[in-house]
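> give me the fold of what follows.
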Amino acid sequence: MSQAQTSPRPLRLLLAFLAGLALLLGTPLGASAAAAPTADTTVTWSVKPADTAQGRDRPNYAYDLLPGGTVGDALYVANRSPEPITLRVYAADGFLTEDGALDILAGGVESTDLGSWVSIESPELTLDSGASAEVPFTIAVPAGAAPGDYAAGIVASMLVTADNGTVTERRLGSRVHLRVQGDLAPALVVGDVVVDYHGTANPVETGSATVSYTLTNTGNTRLDPNVEVALGGPFGWARVTAADDAPELLPGSSLERTVEVAGIVPLVLLSADVTATSQVVSRTLAGAEPSALDPLVSQGAAATAAVPWTALAIIAALALLVAWRIVAARRRKAAHAREIEAAVAAARADAEGSGSDAEGTDAEGTGEDREPVPAGGVSEAESSTDSPGGASTRASRRSP
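From the prediction side, this is the model:
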């Protein structure tokens, strides 16, 4: 009996030892998978504003608070990966990228505005595969905060190490918009307007133009600008317009924009007018509301040369051809006039030469003798001419 009771004891001790060893070996493996994923590890998670007293099914966070006010909310995080993950949850100031998208400062960069007013209850979160959790946070507006709009983001991030040792941050988050109540002073400046004309080799085709400009939000509110770019020649001739759907601008932000406009008629001078009509974006705890402020209109302008070089070259060639023909015609006319003058001069010279020969013949005579005319009488020739009969004349001459 005693042997039957004592024989299983070593076996139970061996089984207990093996189970403890398995626990010791299993725990570090699980922690390692959650803490240090590699670049080729498939890790997926999602975040969104949690359903709280501040709202349900919200695309982001939006608050309207007085200086010194506070509000509490939460971030919903879900692990979509097949393995456990560990995430870092933090808030940071928002800014606009070059293409106008809202981004936030990277982890480790110190925030100075709204990002620094957010307190996260659980800065680090570990979730099993398929698990989810809500991470509460609180926003406390300083008593001396200036009125206006502020932007930030709350993210859940993970550091991933590549094979070459490069560490990158993968993060997902939701944006936070806060308006501190007080005097609102929206202002927008349209500056650095530059227009470039691009002509074509075809003289009957229109050209195009590139208009670049800068929008700067110098006020304390978020602005949603609608921009119209108008181009035309002197006195607004051949006016062409184009719209530019610019993104929202945060207070203090600046954004460079470029618009391509076709159908430009080159009229030597091309003027560009940029008009931005901005609406103040209004967000409250109840959601989006129309702004009570009037639209803000801001303008900028520039000009450049728009010379139709091909058409001018054709016109210049035609003008040269016409001028050459006119000059050639005048030269031919002058040459013909000179020929006429030369012919006239030659004819006059011939005429003058013929007149000189005739006078010399009369002076020398024919060589025949002429009878002298007696005094008081007439010659025989004259008598025969004037008298009706030649005989009587001779008879009378013989009589005394």
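> need the helices for the stretch 251-400 of the chain, in chain order.
Listed in chain order, the helices of the stretch 251-400 of the chain (DSSP state H, counting those that start in this stretch) span 309-364, 380-386, 390-398.
> over to the stretch 1-150 of the chain?
Under DSSP H, counting those that start in this stretch, the stretch 1-150 of the chain gives helices at 2-6, 9-35.
> endpoint to endpoint, stretch 93-113 covers what distance?
Taking CA to CA, to the nearest Å, the first and last residues of stretch 93-113 lie 6 Å apart.
> what lies in contact with it?
Where contact means CB atoms under 8 Å, 6 or more residues apart in numbering, the residues beyond stretch 93-113 that reach it are 88, 90-92, 114-116, 150-153, 155, 157, 169, 171, 173, 175-176, 246-250, 253, 255-256. C-beta here means a position set from N, CA and C on the backbone, and glycine is covered the same way.
> quick one: the strands in the stretch 1-150 of the chain?
Per DSSP state E, counting those that start in this stretch, the stretch 1-150 of the chain carries strands over the ranges 45-49, 61-65, 70-79, 85-96, 102-104, 118-120, 124-127, 132-140, 148-161.
> of those, which is nearest V274?
For the strands of the stretch 1-150 of the chain, proximity to V274 was assessed by CB to CB; strand 85-96 is nearest, at 19.1 Å.
> show me how far that closest one is from its chain's centre.
Mean-position distance between strand 85-96 and its chain equals 35 Å (CA atoms, centre = their mean, to the nearest Å).
> list the buried residues in it.
85-94, 96 (16 or more other CB atoms under 10 Å).
> of these, which is the nearest to D128?
I85 (8.7 Å).
> the closest one pairs with what?
L127 (DSSP bridges).
> shaky segments in the stretch 301-400 of the chain?
309-312, 355-400 (pLDDT under 70).
> my bad, should have said the stretch 151-300 of the chain
For the stretch 151-300 of the chain, the ranges with pLDDT under 70 are 283-291.
> so what are the domain limits for this structure?
45-180, 188-311 (automatic domain parsing).
> torsion angles phi and psi at the nearest residue to P147 once chain neighbours are set aside?
Ranked by CB to CB, 6 or more residues apart in numbering and with sequence neighbours excluded, the top spatial neighbour of P147 is G182, at 2.5 Å. Per-residue torsions, G182: phi 150, psi -160 (degrees, to the nearest 10).
> burial count for G182?
Residues within reach of G182, counting by other CB atoms under 10 Å, total 13.
> what sits opposite Q279 in the beta ladder?
D224.
> what sits against it?
Q279 touches 223-226, 291, 295-296, counting by CB under 8 Å, 6+ apart.
> surely the residue nearest to P147 touches V141?
No - between G182 and V141 there is no contact under CB atoms under 8 Å: 11.0 Å.
> quickly list what's touching both of those two.
Joint contacts of G182 and V141 (CB under 8 Å, 6+ apart) are P67.
> need the contact list for A131.
Applying CB under 8 Å, 6+ apart to A131 gives the contacts 78-79.
> could you check the pLDDT of it?
Note for A131: predicted pLDDT of 96.
> ramachandran coordinates for it?
Torsion angles, degrees, to the nearest 10, at A131: phi -90, psi 160.
> these two touch, right, S119 and P136?
No - in this structure, S119 is not within contact of P136 by CB under 8 Å, at 9.3 Å.
> closest to A335 out of the domains of the chain?
domain 188-311 (36.0 Å).
> hang on, the earlier thing: which of the contacts of stretch 93-113 count as buried?
Among these, those buried by neighbour count (16+ other CB under 10 Å) are 88, 90-92, 114-115, 150-153, 155, 157, 171, 173, 175-176, 246-250, 253, 255.
> now stretch 78-86 - C-alpha only, CSV.
What follows is stretch 78-86, C-alpha atoms only, in CSV (Å, rounded to 0.1, in the frame of the first residue of the first chain):
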residue,chain,number,x,y,z
ALA,A,78,-8.0,48.3,-31.6
ASN,A,79,-5.4,45.7,-32.4
ARG,A,80,-6.0,44.2,-35.8
SER,A,81,-2.7,42.2,-35.8
PRO,A,82,-2.4,38.4,-35.2
GLU,A,83,0.0,39.1,-32.4
PRO,A,84,0.0,41.4,-29.3
ILE,A,85,1.3,44.9,-29.8
THR,A,86,2.5,47.7,-27.5
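> in that stretch, what's buried?
79, 81, 84-86.
> ok, stretch 51-65 next?
54-55, 58, 60-65.
> the residues you listed into CSV, with extra columns for pLDDT and distance to L267?
Listed next are the buried residues of stretch 51-65 as CSV, based on pLDDT from 0 to 100; distance: CB to CB, whole Å:
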residue, pLDDT, distance to L267
Q54, 92, 58
G55, 92, 56
R58, 92, 53
N60, 93, 48
Y61, 95, 52
A62, 93, 49
Y63, 94, 53
D64, 93, 51
L65, 95, 55
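> and which of these is nearest R325?
N60 (75.8 Å).
> residues contacting the closest residue in space to that closest one that isn't next to it in sequence?
Nearest residue to N60 in three dimensions, chain neighbours excluded: R175, at 4.5 Å (CB to CB, 6+ apart). Contact analysis of R175 by CB under 8 Å, 6+ apart lists 60-61, 94, 102, 151-153.
> again with V265
206-207, 233, 237-238 are the contacts of V265 under CB under 8 Å, 6+ apart.
> measure it to V211 for me?
16 Å (CB to CB, to the nearest Å).
> now do A156
Distance of A156 to V211, given as CB to CB: 41 Å.
> likewise for T70?
Distance of T70 to V211, given as CB to CB: 46 Å.
> more neighbours, the two?
A side-by-side neighbour count of T70 and V211, using other CB under 10 Å, places V211 first with 25 against 13.
> same list, the contacts of R175, but as a markdown table with distance to S278 please.
Formatted as a markdown table, these follow (distance: CB to CB, whole Å):
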| residue | distance to S278 |
| --- | --- |
| N60 | 21 |
| Y61 | 23 |
| G94 | 19 |
| L102 | 17 |
| A151 | 17 |
| A152 | 22 |
| G153 | 24 |
